[in-house]
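Colleague: here is my input, please return the structure:
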Amino acid sequence: MVSPLEGSIAATIGKAFDKISYACTVARISTGSGAAHKPGAGTATDYACKGMIDQFSTREIDGTLIRLGDVKVLILATSLATEPKPGDKVMIRGETYNVCEPIRTDPAKAVWELIGRA
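Modeller: Down below sits the predicted model:
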């Protein structure tokens, strides 16, 4: 079921944060075809988007899901043509991070909150 918050609210938030966010890329590596024990070479698909980097508070760092050194990557959902998944890579401000679980979003699906791990 689609939330009544999706759509116009996400567009408004995307427009408001567009000028203060950075260009970034979410890269997804898909496994190649072949036998299960010997898959072929994978291919990368890059998705251009807009985002920001933030720090996790010390209260959020639990050493398990969120570790010391992890960063919070916020992606404007209206700028990304796919839903981010664990295992994706995100490149922002000259750094590359692995996307880890859990991936969160708000009720309007305006922003994806990713855990970025070096």
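Colleague: what about the residue nearest to Ile61 when sequence neighbours are not counted, distance to Leu74?
Modeller: Of all residues not flanking Ile61 in the chain, Leu68 sits nearest, at 5.8 Å (Cβ to Cβ, 6 or more residues apart in numbering). Every residue, glycine included, has its C-beta placed from N, CA and C. In this structure, Leu68 and Leu74 are 20 Å apart, going by Cβ to Cβ, to the nearest Å.
Colleague: who has more neighbours, those two?
Modeller: Leu74 (19 against 8; other Cβ atoms under 10 Å).
Colleague: mind listing the strands for the chain?
Modeller: Using DSSP state E, the strands of the chain run over residues 22-30, 34-35, 38-39, 43-55, 71-76, 89-92, 95-105, 111-117.
Colleague: quick one, which of these gets closest to Thr82.
Modeller: Closest of the strands of the chain to Thr82 is strand 43-55, at 5.5 Å (criterion: Cβ to Cβ).
Colleague: that closest one packs against which elements?
Modeller: helix 8-18, strand 22-30, strand 71-76, strand 89-92 (3 or more Cβ pairs under 8 Å, 6 or more residues apart in numbering; DSSP states H and E).
Colleague: can we see that at 7 Å?
Modeller: strand 22-30, strand 71-76 (3 or more Cβ pairs under 7 Å, 6 or more residues apart in numbering; DSSP states H and E).
Colleague: just the angle between the shortest one and strand 95-105, please?
Modeller: Spelled out, that is strand 71-76. 70 degrees (axes from the mean of the first three to the mean of the last three Cα atoms, to 10 degrees).
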